[in-house]
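K.L.:
with the sequence up front, the predicted model follows.
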Amino acid sequence: MDILITDSTPASQTVSASRVTLNLPRPPRAFYRHGWQSWSLAAWTDLSPLPIQKPDIFHVLQTDAAYAREPLPHGSWVGAAEMDDGRIVLLGALGMDAHVRLDGSQLEGWYESGEGEWFIHFGVEQNAFPAYTQALGERFGFAAARPAPRIWCSWYSLYTLIDEPTLHKVFDGLGDLPFDVLQVDDGWQVSLGDWEANEKFPAGMTALADKIKSTGRKAGLWLAPLLAAKSSRLFREHPDWFLKDEAGKFVSAGFNWGEWMYALDTTHPAAQEWLAALMKQVRAWGFDYLKLDFLYAGALRGKRHTEAPREAAYRLGLKVLREAMGADAYFLACGAPIVPSLGLCDALRVGPDVAGEWESHRDAVLLQNPATPGARNAIRTTVNRLWLSPLVQTDPDVAYFAAKGNSLTVEQRLLLQDLALVCGFKATSDLPQWMTPAERESLRAFLEDTNEYRPEGGYRYRVASRRVDFTPAIELPPRPSKLESIQRTIFAALGNQPWALRLLDWMGKRSLKKTV
Ligand code: 9PG
C-alpha cells in the first residue's frame, strides 16, 4: 500500500497491509530507530548508516541478528522520520513480526509474514508517540496503575559471586530501608537450564526465600527460562525441545557465561509443560517477583514444532509462563522483544544494562556497540523508550548511591537516580557495607520519593524545583578515527573468539573478588 504524506494527510490513521510505503515530501533530517529487544539501541539518528555493531558474536544476544547488517536506518515495529519543520511522520505496527525502515524519502513498513495493522501519525512528536501508544494499548493492554515495587537486586554489586552467607549479610544489613523486594540474580542455579540451587546455596531455595520474607519483603528471583547451556542436563536430555534451523542445526541463542546457548522451542508441548512446571516450582519455593531474562531466545528464527511467526511463537511461550506463575506474581521481562511482551508482563527492561562506569571507550567507540553494559548506553535507550510507560512499567535498570564499587561521578549517579524516578521504577544493587551514612540516607530519600516528574521537551524533565536533563547521555559516540579503525578490527576479531571472552570474564571475576 502506498500513501502520500502531504499537509492534508490526517493526523492519525490506521490501515491494514502486509507492506506500506509512506512517500514523504522530502528526505527527513532524522530517523527514530527502535531496537528489537530490551538491550538493543533506541535513538534518533541522522540518516548515514550506523557502523555494524561489533563483535558479531553478540548480534544474537543484543540485536535482532537478522537485521544487524541492514545498511538503511531500520527499527522493529516502529520508526519515525523528522521533517525539517520539526514535525514527524510515525509508522508503527499494531501487531508483531513487523519492521520499519527509511529509504530516501520513503518510510517503509512490512510484516515478516501475512498482513497486519499499521498506525500512521503526522504531527509533533509529543502527540505522535502517545497516539501510537494508545492504539497499541487497545490491542495489547495497559500498565497497571499500582506503583512498581522498590527492589534490591544482587547483580550490579555481587554479579555471580553470590552465596548464602554473603546474601544473608546483605539482607540483614539493609535494615529498615523501604524495599519491597529483595531479588536474587544470576548465580544461584546449577546451570543455565538446570534451575536448582547450586552448591553455594546448601539450604536450598525455599530457605533463601524464607530468609528474605523474614525481613518483611517479597522474594525475587532471576531466571533465563527460554535458553539453555550446551552443557546443561536439560539440553542433553531433551535436545528435541530446542530450536533448529532449516539444515537441522541447533540455532544459537548466543555465547555467554563462557559457553554456547541454545533456544527452547516455545511451541513444543513438552517444553511448554516444562516451562509451566518451572514457574510453579519457583512460586512454591516462595518467590513472588520473577525477573525472566534472555527472553529474546524464544523469538529467534528457526523451524518450530508448530509452525508460527517467530514473535507469535515467543508470545505463546510468554503466555505459558504467565499463566503458570499466576497473575499475582510480579513479572519483569528482560532481554525481551518489546511489542510481543506487552500485556503479559508487569514490567519490561527498556535499555541495556547499566554498569559501574559511564562508557567504555573500547565498546562505545572502537566496537560502536551501544548495547553493551554502561550507564550512558542504559540512559540513552531508556529515555528514548519512555513513550512505552502507559503500556508497561519501564525498568531503566539500577541506580547507584555509594561512591564505592563504581567509577561514576556524582552527577552520573544522580542522572541514573533521576531516570529511575522518571520511569517510576526504583532499584539498586548497592551493598549496605559500601554506603556511608549520608549515601544510605540519599537511598532512603530516593525510595520514599513521590514527586511527579513533568516532561519539558527534548530530554529535559522538571521535578519540584529541579530540572533534570538527560541530553549528556543521548549523543552516540563518534565514529572511530583511522588509527581507531585498526584497533576496531583487532578488538572485533578478538571479541569473536570464545577463548578471549572466557579470559575477559575470568579477569572481571578476579578483580571483583578483590572489591567484594
Ligand atoms: C545476569 C544479567 C543481569 C542483567 C541482565 C542480563 O550483551 N550482553 O552480553 C549482556 C550480557 C548480560 C546482560 C546483558 C547483556 O545482563 O540484563 O540485569 O540479570 O543478565 O547474567
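P.N.:
Received the coordinates, thanks.

K.L.:
can we go C-alpha only for contacts and neighbour counts from here?
P.N.:
Will do.

K.L.:
for T160, which non-adjacent residue is closest in space?
P.N.:
Leaving aside its sequence neighbours, T160 sits nearest to G187 (CA to CA, 6 or more residues apart in numbering; 4.4 Å).

K.L.:
hmm, the one you found is touching L161, no?
P.N.:
Yes: the pair G187 / L161 is scored as a contact, 6.8 Å apart, by CA atoms under 8 Å.

K.L.:
tell me the contacts of W110?
P.N.:
S18, R19, V20, A98, H99, V100 (CA atoms under 8 Å, 6 or more residues apart in numbering).

K.L.:
quick one: secondary structure of it?
P.N.:
Taking DSSP: H, G, I helix; E, B strand; the rest coil as the rule, one finds W110 in the strand state.

K.L.:
how much space separates it from the ligand?
P.N.:
27 Å (CA to the nearest ligand atom, to the nearest Å).

K.L.:
neighbours of the nearest residue to that residue once chain neighbours are set aside, how many?
P.N.:
Counting by CA to CA, 6+ apart, R19 is the residue found nearest to W110 once chain neighbours are left out, at 4.2 Å. The local packing of R19 (other CA atoms under 10 Å) involves 21 other residues.

K.L.:
pretty sure R19 sits against E117.
P.N.:
No: using CA under 8 Å, R19 is not in contact with E117, being 9.8 Å away.

K.L.:
name the single longest strand found in this protein.
P.N.:
Secondary structure of the chain per DSSP state E: the longest strand is strand 116-123.

K.L.:
give me the sheet partners of that one and which way each runs.
P.N.:
strand 12-17 (antiparallel), strand 88-93 (antiparallel) (DSSP bridges).

K.L.:
okay, those strands, which one's buried deepest?
P.N.:
strand 88-93 (a mean of 27; mean count of other CA atoms under 10 Å).

K.L.:
mean confidence score for that one?
P.N.:
The predicted model assigns strand 88-93 a mean pLDDT of 98.

K.L.:
tell me the helix or strand right after it.
P.N.:
strand 98-103 (DSSP states H and E).

K.L.:
in the protein, what helix or strand scores lowest on average pLDDT?
P.N.:
The weakest-scoring helix or strand in the chain, judged by mean pLDDT, DSSP states H and E, is helix 498-515 (a mean of 87).

K.L.:
got the contacts of W110 as JSON lines, with distance to W260 and pLDDT columns?
P.N.:
Listed next are the contacts of W110 as JSON lines, based on distance: CA to CA, whole Å; pLDDT from 0 to 100:
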{"residue": "S18", "distance to W260": "35", "pLDDT": "97"}
{"residue": "R19", "distance to W260": "36", "pLDDT": "98"}
{"residue": "V20", "distance to W260": "38", "pLDDT": "98"}
{"residue": "A98", "distance to W260": "28", "pLDDT": "98"}
{"residue": "H99", "distance to W260": "28", "pLDDT": "98"}
{"residue": "V100", "distance to W260": "31", "pLDDT": "98"}
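
K.L.:
just put these in JSON lines and tack on distance to Q62.
P.N.:
Below are the contacts of W110 laid out as JSON lines (distance: CA to CA, whole Å):
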{"residue": "S18", "distance to Q62": "27"}
{"residue": "R19", "distance to Q62": "26"}
{"residue": "V20", "distance to Q62": "27"}
{"residue": "A98", "distance to Q62": "18"}
{"residue": "H99", "distance to Q62": "17"}
{"residue": "V100", "distance to Q62": "19"}
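
K.L.:
what parts of this protein come near the ligand?
P.N.:
Residues of the chain lying close to the ligand by CA under 6 Å from any ligand atom are L61, Q62, W155, D185, D186, D353, T372.

K.L.:
can you tell me which of the residues you listed is closest to A284?
P.N.:
Ranked by distance to A284 (CA to CA), the residues of the chain next to the ligand are led by D185 at 18.0 Å.

K.L.:
got phi/psi on the closest one?
P.N.:
Dihedral angles of D185 (phi, psi; degrees, to the nearest 10) stand at phi -100, psi -170.

K.L.:
any idea whether the residue nearest to T160 is helix, strand or coil?
P.N.:
Under three-state DSSP, G187 falls in the coil class.

K.L.:
which residues are in contact with it?
P.N.:
G187 neighbours (CA under 8 Å, 6+ apart): Y159, T160, L161, I162.

K.L.:
reformat those as JSON lines; add pLDDT, neighbour count and secondary structure.
P.N.:
What follows is the contacts of G187, written out as JSON lines (pLDDT from 0 to 100; neighbours: other CA atoms under 10 Å; DSSP: H, G, I helix; E, B strand; the rest coil):
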{"residue": "Y159", "pLDDT": "94", "neighbour count": "15", "secondary structure": "coil"}
{"residue": "T160", "pLDDT": "93", "neighbour count": "15", "secondary structure": "coil"}
{"residue": "L161", "pLDDT": "93", "neighbour count": "18", "secondary structure": "coil"}
{"residue": "I162", "pLDDT": "97", "neighbour count": "19", "secondary structure": "coil"}
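
K.L.:
quick check: next helix or strand after the longest strand of the chain?
P.N.:
Once the chain leaves strand 116-123, the next helix or strand it forms, by DSSP H and E, is helix 125-140.

K.L.:
helices or strands up against that following helix?
P.N.:
Judged by 3 or more CA pairs under 8 Å, 6 or more residues apart in numbering; DSSP states H and E, helix 125-140 is in contact with strand 88-93, strand 116-123.

K.L.:
using PDB, list the CA coordinates for that helix.
P.N.:
C-alpha atoms of helix 125-140 as PDB (Å, rounded to 0.1, in the frame of the first residue of the first chain):
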ATOM      1  CA  GLU A 125       6.500  14.200  18.400                       C
ATOM      2  CA  GLN A 126       4.600  14.900  21.700                       C
ATOM      3  CA  ASN A 127       1.400  13.800  20.000                       C
ATOM      4  CA  ALA A 128       2.700  11.100  17.700                       C
ATOM      5  CA  PHE A 129       4.100   8.600  20.300                       C
ATOM      6  CA  PRO A 130       1.100   9.000  22.800                       C
ATOM      7  CA  ALA A 131      -1.300   8.300  19.900                       C
ATOM      8  CA  TYR A 132       0.600   5.200  18.900                       C
ATOM      9  CA  THR A 133       0.900   4.100  22.500                       C
ATOM     10  CA  GLN A 134      -2.900   4.400  22.900                       C
ATOM     11  CA  ALA A 135      -3.500   2.300  19.800                       C
ATOM     12  CA  LEU A 136      -1.000  -0.300  21.000                       C
ATOM     13  CA  GLY A 137      -2.600  -0.400  24.400                       C
ATOM     14  CA  GLU A 138      -6.100  -1.000  22.900                       C
ATOM     15  CA  ARG A 139      -4.700  -4.200  21.400                       C
ATOM     16  CA  PHE A 140      -2.100  -5.400  24.000                       C
END
